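Trainee: Fold the following and give me the result.
(2 chains)
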Amino acid sequence: MKFSDLGNDLYTGRRAVPVVPKRKTFYIVSLVLMAIAIAGLGINKLNLGLEFSGGSEFRVTSTSLPSDYEFKARDTLGAANDTQGVRVSKLGANTVRVQTERLNDAESARVAGELAKAFEVSTDKVSSTFIGPSWGDSVTKQALRALIIFLVLVGVVLAIYFRNWKMAAAALLALAHDLVITVGIYSFTGFEVSPATMIGFLTVLGYSIYDTVVVFDKVRENTNDAFANGRLSFAQAANLAVNQTMVRSINTTVIGILPILAVLVVGAIFLGPGTLLDLALVLFVGIVIGAYSSIFLATPLLVSLRSKDDAVVDLEKRAARSQAKRAKEAAAVAVPAGVGSGSTAIDQRPVGNHEGVVRGAETPMAHEEEAATVTGRQVHKYAQAGPRNQPKRAPKSRRK
Amino acid sequence: MAQMSHATFARRALAGMAALAIALIALLFGANQFSNGSYAPKLGLDLEGGTQLILAPRVTGGATVSPDQITQARDIIVQRVDAGGVAGAEVTTQGGRNIVVSMPGTPTKQQEDAIRRSSQLQFRPVLAIAAGSPQPSPSATPSGSPTPGPSGSASPSPSPTASVPAANPASPSPTNKSAIPQALTTEASPSPSASTSTSPTAAASPSPSPSASASTSGAGQAKGDPYSLDQITPELTAQFTALDCSKDGALEGIVDDENKPMVTCDADGAAKYILGPVVVSGDKISDASAGYQTTPQGQQTSQVEIQLSLNSEGTKQYADVSRKMVGLQPPQNQLAATLDSRVIVAPSFNEAIPNGKASITGGFTITEARDLAQQLKFGALPISFDLQTREQISPTLGSEQLKYGFIAGLVGLLLVTIYSLLQYRLLGFVTIASIVAAGALTYLAITILGWSHNYRLDMAGVTGLIVAIGFTADSFIVYFERIRDELREGRSLESAVATGWNRAKRTILIADGVNFLAAIVLYVLASSSVRGFAFTLGLTTLLDILIVFFFTHPLVTLLARRPFFHGGHPMSGLDPDKLGAVKKTSYAGRGRFTTNPPRLAGGEGSAS
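Mentor: Predicted structure coming up:
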C-alpha cells in the first residue's frame, strides 16, 4: 500500500482511523500521560537554572589563563557537562567567571580553594559572591500575565472565527495537555530549565495551537456541510475531517521534526548535553505531542463537548434517517451501474465491507449527477470539465 | 478572462517579491556602505559575548540600600535596556548590592549613562539664583540676581479645566491667612515661620488647601514653607557661595534630601541655585513623551520639549504649587525641575496649571529628550549607581554550539528536501524554493533589524528559526493537500488550484493569525528574552504569510499552466490518476472518448 493511496482513501473515507468513535481510548491515554507528568512534577521538582533562582559566582583572576579554561573550571566543579548548571565565561583578558547554583559558605570556600589550585593562583585571586536571578519574579510575572491575556484573546478570536466557543475550549484544553506533558518531560529527565527552555515551551505552545487550528478549520468546513445537507452526523463529519487532514498532519509533523531531529542527532554526537540538545528535545517532544493532541484529542474533545447540543442531536437524527434511506436504495440497486453512464462514483467504490472501514464513518454516496464526487461535496460539472462545446482559443504559445 | 487575470496577478506578485528582495538587499548594502551595518546578523550575548557592567549603588548620607530597592532598580534597568531594542541583555544582582548588566556588543558611553542614571525628576521652588562661577566679588547676595539660567518657560496648557482643585474638598478649612502647605494630618505642626514677610501676595491667593499629602513629598513636614526664604541658613549661603559650577565634580558632595533645601547647579553649569524642598516628585509622573513644542496656534517650533502627565496626586500638588507661585516675586516664582540633582530648567509661572500637564523645555536635542522621556516613564531608580567595572565577557555557549546548530539546520533542510520530493515529486521543488526564499528574506530581515533595531539572535532564536522551517512548510502542505483534495473531487488542475487556494487561504490566515496574536501580546507585555522570542515569532509568521501569498501561490498558479503539471505527469505530484480522482468519461472530440480526467479546463466536451 502506497502512501499516496492512503491519502486518497483517507480523503474519501474508504479507510478511516476511528479517531472520534474510539475517543474514550485516546482520552485514557492522554489522562494517563498527564497523570504521569503531574506525578513527575510532584516527585521531581523542576530543576530551575540559576537565571531563575540566583546562585554563586566565582571570579578567578590570573595573568596567564589557559586556553582550556572552560574545561578546567567545569572539571574542578565536578561538572563536565552543562546540565549541572555551571556557566563559565571569560571576562576581559584574564578573569574567568564561574557561575553555579547557590552554595553555602563552606562549599563556596572549598570551591574557591579548588579553583585557585586548578588555575594555579593564590586564593586571594579568587573572589566569590552571590548573584541574584536575571530572570526574576517580575519577568515571570509579566510573562505569565502576557500568556494569560494571550490565551483569553485566542479563545475569543477562535470562538468568533469558528462561531462556537466550544471549539475554542477544545483547542485550549488540547494546548494545556501539551504543556503539562512537555513540562513533565523536564521534571522526569531533570534537565535544567533555563530561559532558553522557557522559549522552547512558548514555541511548543505556538506550534500546538497552530496545529489544532489547522485541523479545526477542516472540521468546521465538514461540519458546516453536514449541517447543511444532513448526510453525516457531527461525529462522522468530524471524524472524516480528521482523517482528511491526517496526511497533512503527518507531512507537517515530519517536516517540522526533521530539522529538530537533525539538531538532536548532531548535538548528541558532537556536543553532548547542553542548551542546544535540551532545547531540541523539548521541541521534539512538544511537536510530537502537539501533533498527537491536534489529531487524537482536540477533535474528539470537541465532539464530546458538543454531543449534547440541540443542533448536533438533531443532525444525528437527520443523518441516521438519510443514511438508512441511502442504504436501502443501494440495496435496491444492487446491480452495479454501467460504465460510462455518468453515475461515476458507485462503480469505483461499493458501499461498505472494506477492511479497515468504520461503518459509521462511511461517506454517503451522491445521487445527483453534478454532485457525483467522492465525498458528496457539490462540484459543478463546469468546474470539472468546463462548459459544453465552448470554442477554445489556443494558448498564445501554440497559436500560429 | 479569469485565468488571464490569475496569471497576470501571479506574475505581478512574483515581480513584487523580487522587488521586495532587491529593496531589502539594497537597504542592507546601503546600511553597510553608509552606516555601521553588517552583512551577518548580530549575535546575542550567549553566542557572541558582550560587555558586562557592574553598577554599585551610590549611597549618600549614610543611607543603606534595601534589597527591595535593588530589586526595583533591577526591574527598571531591565525596562530601560529593553527599550533600546531587542538585544536580550541580562540583568542580575550581585551580592545583594550591585547590579550586573550584561549586554551584547559594546554600549556607547551615552547608552551606559542612560542605563545607570537614576533619572530622578523633582520639582523644587527656586529660592535664589546666581551665576554658575563665583563672581569677582564673592559676596554674592543670594537673592535678586538676574536669572542667567536656561530660558525655559512654563507652558500653560491650553485647556484650563479647573476641575482638579475643586475635587479637593478634603480639607475645606481655609488655612488662616498663610499659604503654608499644611498636611492633612493636623499633628504636623503648622510651620512656626509665618512666611508672609517676603511675599504678601502669596497670602492673598485664596488657595483652598495646599494639600501636600503628608506621606509623600514631605512638604508638609515641620520644616515649613518650601517657598520661604527663611530656609536659607547661613551654612547654605556659605555652601552656595563656595559652589563653582564650572568645576568638574562640583556636585559630588551635594546631599539631595527631598525634605530639605539644597544648593545645586544647572545642567550646563551656567547658573547655580538654592532650591526649596521637593514639592512634586518624579514618581507622580504617569507618562512622558518628547517632541517639538507647539505654539498655541498649533504651529510647531524648533524648541524640544518633554510633556509630562502627572497622576491624580501629582496633578493636585502641581496645581497647588503653580497657583501659589504665580503670585510670588522673581526669582521665587520659578519652579526648578531637577534631574539627578541638577537643574534642567527653572521656568516661572504665568498662570496656575490645574490639569497636571507639565512640560519641560531646555537645551535638549530631540534624541536626548526622547531618551529622557523614556527614562521618566519607566520611573526613576530609587538610588543612583556608579559604574564599578566594565569588562568584555565571552559567550556562555561555545562557538561550536552555533556551528553545530548551523550544520544541524542544513542537514535538517536537506532531509526536508528529500521528504518533500518523495511526497510531492516535482511540486516539492516549489516547497524548497519557497523555504529558500523565506530563509533568504528572514536572513535579510534579521540582518537589517540588527542594524536598525539592534535585534540579536541568541540560541533560542536560532532554534526558533529552525522550527520556523516547519511552520513555513506547513502552509505549503496545507495548500498542496487542498489542491490534491480538489483534484480528487475531479476538478481540472487550474480550477483545483484556484478553489484549493481559496480554502487553504482561510486556514493559513487563521492559523498564522493566532501565532501573530501571540507574538504581539508577548512582545508588548513581556520583557527580556520572551520579548526576543515574540519578535522572532512575529517576524517568521509575517514572512510566512508573505511567502505563501506572493511567492508560492503565484508560482503554483503559473506552473499549473505548464503542460507538465497540467497534463498530470506522474512526476508532477498532481497526477489525478494517482490521487484517485473521479474517473470521467469525456468526449474527446472526433468521436473519441477518454476515461481520463479532462486535461484542459475547457474545449473538449464535458462529461456525459
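Trainee: mind listing the helices in the stretch 351-500 of chain B by residue range?
Mentor: B:366-378, B:399-424, B:427-453, B:459-488, B:493-525 (DSSP state H, counting those that start in this stretch).
Trainee: Test my guess that B:R97 contacts B:V65.
Mentor: Yes - between B:R97 and B:V65 a contact is recorded at 6.4 Å, counting by C-beta atoms under 8 Å. Placement of C-beta: from N, CA and C, glycine included.
Trainee: Between those two, which contacts overlap?
Mentor: By C-beta atoms under 8 Å, 6 or more residues apart in numbering or on different chains, B:R97 and B:V65 have these common neighbours: B:P57.
Trainee: how far away is the closest residue to chain A within the stretch 451-600 of chain B from B:G490?
Mentor: Residue of the stretch 451-600 of chain B nearest chain A, by C-beta to the nearest C-beta: B:G470 (2.7 Å). As judged by C-beta to C-beta, to the nearest Å, B:G470 and B:G490 stand 32 Å apart.
Trainee: B:L243 too?
Mentor: 92 Å.
Trainee: quick one: which of these two has more around it?
Mentor: Taking neighbours as other C-beta atoms under 10 Å in any protein chain shown, B:L243 and B:G490 compare with B:G490 leading, 26 against 22.
Trainee: Just the pLDDT for that one.
Mentor: B:G490 is assigned 78 on the pLDDT scale.
Trainee: For it, give me phi and psi.
Mentor: phi 100, psi 10 (degrees, to the nearest 10).
Trainee: can you pull the buried residues of stretch B:308-320?
Mentor: If you call a residue buried by 16 or more other C-beta atoms under 10 Å in any protein chain shown, then stretch B:308-320 has these buried ones: B:308-310, B:313-320.
Trainee: Can you tell me the SS state at B:V81?
Mentor: At B:V81 the chain is in helix, as set by DSSP: H, G, I helix; E, B strand; the rest coil.
Trainee: Leaving out chain neighbours, which residue sits closest to it?
Mentor: B:A89 (4.4 Å; C-beta to C-beta, 6 or more residues apart in numbering or on different chains).
Trainee: same question, B:Q110
Mentor: Closest to B:Q110 by C-beta to C-beta, 6+ apart is B:D371, at 8.0 Å.
Trainee: Map the structural domains onto the sequence of chain A.
Mentor: A:3-47+A:137-312, A:55-131 (automatic domain parsing).
Trainee: mind giving me JSON lines with those and columns for mean pLDDT and mean neighbour count?
Mentor: Shown next, in JSON lines, are the domains of chain A (pLDDT from 0 to 100; neighbours: other C-beta atoms under 10 Å in any protein chain shown):
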{"stretch": "domain A:3-47+A:137-312", "mean pLDDT": "85", "mean neighbour count": "21"}
{"stretch": "domain A:55-131", "mean pLDDT": "77", "mean neighbour count": "17"}
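Trainee: With distance to B:L229 added, can I get those in TSV?
Mentor: As requested, these are exported to TSV (distance: least, C-beta to C-beta, whole Å):
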stretch	distance to B:L229
domain A:3-47+A:137-312	45
domain A:55-131	49
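Trainee: Chain B is nearest to which of those domains?
Mentor: domain A:3-47+A:137-312 (2.6 Å).
Trainee: Work out which residue lies at the spatial centre of chain B.
Mentor: Centroid-nearest residue in chain B: B:A83, 4.2 Å away (criterion: C-alpha atoms, centre = their mean).
Trainee: doesn't B:A373 make contact with it?
Mentor: No - using C-beta under 8 Å, B:A83 is not in contact with B:A373; the gap is 10.5 Å.
Trainee: Helix, strand or coil: sort out A:V29 for me.
Mentor: Going by three-state DSSP: A:V29 is helix.
Trainee: what about it, distance to B:Y424?
Mentor: 32 Å.
Trainee: What distance separates the opening and closing residues of stretch B:554-566?
Mentor: 15 Å (C-alpha to C-alpha, to the nearest Å).
Trainee: Over to stretch B:43-57?
Mentor: 30 Å.
Trainee: That one and chain A, any residue contact?
Mentor: Yes - legend: contact between stretch B:43-57 and chain A by C-beta under 8 Å from any C-beta of the partner chain is shown at B:46, B:49, B:52.
Trainee: Can you pull the domain assignment for chain B?
Mentor: B:45-116+B:389-393, B:121-136+B:178-188+B:199-380, B:413-505+B:548-600+B:604-608.
Trainee: if you average pLDDT over each of those, which comes out lowest?
Mentor: For the domains of chain B, mean pLDDT drops lowest on domain B:121-136+B:178-188+B:199-380, to a mean of 68.
Trainee: chain center to that domain: distance?
Mentor: 28 Å (C-alpha atoms, centre = their mean, to the nearest Å).
Trainee: burial measure for the nearest residue to B:P395 once chain neighbours are set aside, as a count.
Mentor: Among residues not flanking B:P395 along the chain, B:G49 sits closest, at 4.4 Å (C-beta to C-beta, 6+ apart). Applying other C-beta under 10 Å, we find 22 residues neighbouring B:G49.
Trainee: how close does B:G49 get to A:T100?
Mentor: 19 Å.
Trainee: now do A:S122
Mentor: Taking C-beta to C-beta, one finds A:S122 at 21 Å from A:T100.
Trainee: List phi and psi for the residue nearest to B:V81.
Mentor: phi -80, psi 160.
Trainee: Over to the one 5 residues further on?
Mentor: With angles defined as degrees, to the nearest 10, B:Q94 sits at phi -130, psi 130.
Trainee: Show me the beta-bridge partners of it.
Mentor: Assessed by DSSP bridges, B:Q94 has beta-bridge partners A:I131, B:N98.
Trainee: which residues sit in contact with the closest residue to B:T507 other than its chain neighbours?
Mentor: Nearest non-adjacent residue to B:T507, counting by C-beta to C-beta, 6+ apart: A:D217, 4.2 Å away. Residues near A:D217 by C-beta under 8 Å, 6+ apart: B:506-507, B:510-511.
Trainee: Surely A:D217 is within a strand?
Mentor: No - using three-state DSSP, the secondary structure at A:D217 is helix, not a strand.
Trainee: Against A:A319, how distant is it?
Mentor: 22 Å.
Trainee: where does residue 317 land in three-state SS?
Mentor: You didn't pick a chain, so chain A it is. Here A:K317 takes the helix state, with states given by three-state DSSP.
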